[in-house]
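A.B. asks: pasted the sequence and its predicted model underneath.
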Amino acid sequence: MRILPLGLAVALVSGLTAILIYILGLSSNFYDYIRLSDADLDALIDLKRDFRKCVNTNGLGLTAFGDDTDYCKITIQYPNNTESKWIDPKSGEHEGLSFEFNLCEAVVTWEQVRNSTTVLTKEFIDALPNGWEDYAWRRINKGIHLNNCKNKTLCMEKLSLVLPPTPPFVPHQFDRCAVIGNSGDLLQTTFGEEIDEYDAVIRENGAPIQNYTKYAGSKSTFRLLNRGSAKALDKVAELDETGKEVLVVKTTIHDIMSKMIREVPIQNPVYLMAGASFGSAAKGTGLKALEFALSICDSVNMYGFTVDPGYKEWTRYFSESRKGHTPLHGRAYYQLMECLGLIKIHSPMRRDLNRVVQWLPTRSTLDAARIASEKILRWVGRGKKDPLSACSITKKFDDSRKLKVSGAIRKVAANHQKYVKGSTLYPMVHSVGHGMLCMVPQVQKN
Ligand SMILES: *[C@@H]1O[C@H](CO)[C@@H](O)[C@H](O)[C@H]1NC(C)=O
Ligand SMILES: *[C@@H]1O[C@H](CO)[C@@H](O)[C@H](O)[C@H]1NC(C)=O
Ligand SMILES: *[C@@H]1O[C@H](CO)[C@@H](O)[C@H](O)[C@H]1NC(C)=O
Ligand SMILES: *[C@@H]1O[C@H](CO)[C@@H](O)[C@H](O)[C@H]1NC(C)=O
């Protein structure tokens with residue numbers, strides 16, 4: 001009789017502990033509990049100092065500030081005379097002019113993106129504990145009706161059209177990449193030729209190329225799709241005349257889309273994205289496109305994202321403006337990314353390709369700040385040198401696994417493969433401590 005209540009108590013206590021660990025793990029206000037060295041603190045102070053100078057110098061009127069009581073918190077503020085046009089449909093209020101970001105979180109998350117794979121693969125779902133029942137159905141529209149993929153065969157059938165066995169792309173596969181947004185500011189410049197010079201060009205949703213090549217270029221390597229565009233896959237596939245553009249869906253696979261792939265048929269490769277989660281700071285197709293680009297390119301250049309202060313039209317280059325969402329917030333976040341050295345922004349007011357982004361934190365400052373941030377945020381493998389220490393799930397693969405990467409492997413990419421000991425690292429959305437899922441070779445090559 002005593003065993004049952006005891007068992008219950010143990011379950012309760014461990015449940016509460018798990019919740020507590022979860023809360024503590026997510027909060028960055030518990031510096032006291034974390035052993036940060038002086039070097040760590042210096043790195044964070046250096047990062048914040050350089051970052052503020054960078055935003056204040058390159059942000060075209062944006063200012064960044066943050067006090068010394070919080071190593072991570074940073075506020076990016078628009079000039080007071082900025083006309084805020086976007087109105088929150090829920091609160092009815094205009095978008096504010098100042099935004100708070102967590103610099104530590106940004107440094108760690110994006111650095112991890114650069115070393116991980118963002119295409120959903122079969123090996124990833126297979127390796128997730130209960131991957132088919134807990135995860136797979138979430139990537140199928142109305143997957144909830146599939147009874148959590150209890151019938152795995154049925155789920156595999158649904159996903160098979162978009163599920164490669166292993167990643168088709170690897171980190172650093174491309175050198176210079178351009179991500180093209182759909183903003184009307186593209187028509188104020190003629191970036192077309194410049195855009196076509198990139199090694200890979202990433203577009204979004206239904207952005208047309210024909211009739212706009214002078215402004216938006218003609219090259220198109222990838223296209224990031226939201227749910228609406230994925231349902232009109234036949235129309236999207238027509239936008240690129242080569243039929244080779246790779247379509248990457250950021251949400252779920254829909255029956256309408258699968259039918260088109262089979263019956264139209266769509267020749268282009270179609271994949272689902274297996275991306276990280278950036279919380280509320282960063283949503284939208286634009287950011288997903290940058291995430292995808294950063295996971296396969298050495299340098300990422302951004303065009304067509306309405307980033308300049310004073311810009312208030314929020315139009316699209318090819319059609320009437322759609323409602324959109326929090327444009328000032330998004331723009332501040334892009335400036336944050338530029339001042340962390342992740343991207344370079346090109347816009348009517350920053351049209352010089354050779355423009356130097358001043359006061360960028362150096363590589364060593366970024367590396368040191370990342371390690372300190374990992375500690376603050378209690379990331380899995382924090383502060384360790386081994387690239388596989390961030391793996392919270394490790395699955396060994398044997399020699400029969402062949403990476404089928406489309407295109408040649410550059411030296412930088414090959415070196416990176418060596419650095420990760422031949423492994424493939426996948427981010428896991430919403431995993432506590434941001435541990436990764438790693439596919440590592442049975443016999444590690446050094
Ligand atoms: C802009 O407004 C903020 C908040 O009201 C204020 O703190 C700041 O000093 C103002 N800046 C300028 C340049 O007027
Ligand atoms: C699972 O789905 C497949 C494919 O639709 C079907 O042939 C099979 O009968 C289903 N199995 C069960 C146990 O329902
Ligand atoms: C390009 O312009 C031509 C002529 O105006 C038009 O017929 C065609 O539909 C346009 N293409 C796109 C993709 O907008
Ligand atoms: C990512 O990989 C590079 C080597 O290509 C390495 O220098 C860097 O520390 C890695 N970053 C993380 C977060 O593991």
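C.D. replies: Received the coordinates, thanks. Numbering: from 1, shown residues only. Ligands and ions are numbered 1, 2, ... in the order given.

A.B. asks: and the helices in this structure?
C.D. replies: 3-26, 38-58, 103-114, 122-127, 152-159, 192-196, 213-216, 227-231, 233-239, 255-263, 284-294, 327-338, 363-376, 411-419 (DSSP state H).

A.B. asks: turn the ones you listed into TSV, columns for distance to Gly96, mean neighbour count and mean pLDDT.
C.D. replies: C-beta: built from backbone N, CA, C; applies to glycine. TSV is the format used below for these (distance: least, Cβ to Cβ, whole Å; neighbours: other Cβ atoms under 10 Å; pLDDT from 0 to 100):
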stretch	distance to Gly96	mean neighbour count	mean pLDDT
helix 3-26	24	10	47
helix 38-58	17	18	94
helix 103-114	19	22	92
helix 122-127	38	19	94
helix 152-159	41	16	90
helix 192-196	33	17	96
helix 213-216	31	20	94
helix 227-231	28	18	87
helix 233-239	35	18	89
helix 255-263	37	16	88
helix 284-294	18	24	90
helix 327-338	8	22	91
helix 363-376	26	20	94
helix 411-419	40	14	94
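
A.B. asks: what does this structure put close to ligand 4?
C.D. replies: Residues of the chain lying near ligand 4 by Cβ under 6 Å from any ligand atom: Glu111, Gln112, Arg114, Asn115, Pro387, His416, Tyr419.

A.B. asks: nearest to Ser364 among those?
C.D. replies: Glu111 (13.4 Å; Cβ to Cβ).

A.B. asks: so that closest one sits against Ile371, correct?
C.D. replies: No - judged on Cβ atoms under 8 Å, Glu111 makes no contact with Ile371 at a distance of 9.9 Å.

A.B. asks: ok so, going back, which one of the residues of the chain next to ligand 4 is nearest to Val179?
C.D. replies: Nearest member of the residues of the chain next to ligand 4 to Val179, counting by Cβ to Cβ, is Arg114, at 14.6 Å.

A.B. asks: and that closest one, what is it in contact with?
C.D. replies: Each residue near Arg114 by Cβ atoms under 8 Å, 6 or more residues apart in numbering is listed here: Pro171, Leu294, Ser295.

A.B. asks: how about Gly66?
C.D. replies: By Cβ under 8 Å, 6+ apart, the neighbours of Gly66 are Lys48, Arg52, Lys73, Ile74, Thr75, Leu103.

A.B. asks: could you find the closest non-adjacent residue to it?
C.D. replies: Leaving aside its sequence neighbours, Gly66 sits nearest to Ile74 (Cβ to Cβ, 6 or more residues apart in numbering; 4.4 Å).

A.B. asks: model confidence for that neighbour, exactly?
C.D. replies: Ile74 carries a pLDDT score of 96 in this model.

A.B. asks: quick one: it from Ser160, how far?
C.D. replies: Distance of Ile74 to Ser160, computed by Cβ to Cβ, to the nearest Å: 44 Å.

A.B. asks: more neighbours: the two, which one.
C.D. replies: Set side by side, Ile74 and Ser160 show more neighbours around Ile74, with 23 against 12, by other Cβ atoms under 10 Å.

A.B. asks: so can I have JSON lines of the helices of the chain showing distance to ligand 2?
C.D. replies: Shown next, in JSON lines, are the helices of the chain (distance: least, Cβ to the nearest ligand atom, whole Å):
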{"stretch": "helix 3-26", "distance to ligand 2": "33"}
{"stretch": "helix 38-58", "distance to ligand 2": "52"}
{"stretch": "helix 103-114", "distance to ligand 2": "36"}
{"stretch": "helix 122-127", "distance to ligand 2": "17"}
{"stretch": "helix 152-159", "distance to ligand 2": "4"}
{"stretch": "helix 192-196", "distance to ligand 2": "44"}
{"stretch": "helix 213-216", "distance to ligand 2": "43"}
{"stretch": "helix 227-231", "distance to ligand 2": "22"}
{"stretch": "helix 233-239", "distance to ligand 2": "23"}
{"stretch": "helix 255-263", "distance to ligand 2": "13"}
{"stretch": "helix 284-294", "distance to ligand 2": "31"}
{"stretch": "helix 327-338", "distance to ligand 2": "42"}
{"stretch": "helix 363-376", "distance to ligand 2": "43"}
{"stretch": "helix 411-419", "distance to ligand 2": "37"}
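
A.B. asks: domain ranges for the protein?
C.D. replies: 3-32, 37-121+164-383 (automatic domain parsing).

A.B. asks: of the ones you listed, which is nearest ligand 3?
C.D. replies: domain 37-121+164-383 (3.7 Å; Cβ to the nearest ligand atom).

A.B. asks: residue contacts, Gly433?
C.D. replies: Shown in contact with Gly433 (Cβ under 8 Å, 6+ apart): Gly25, Leu377, Arg378, Trp379, Val380, Ser392.

A.B. asks: touching, Val55 and Gln335? I think so.
C.D. replies: Yes - using Cβ under 8 Å, Val55 is in contact with Gln335, at 5.9 Å.
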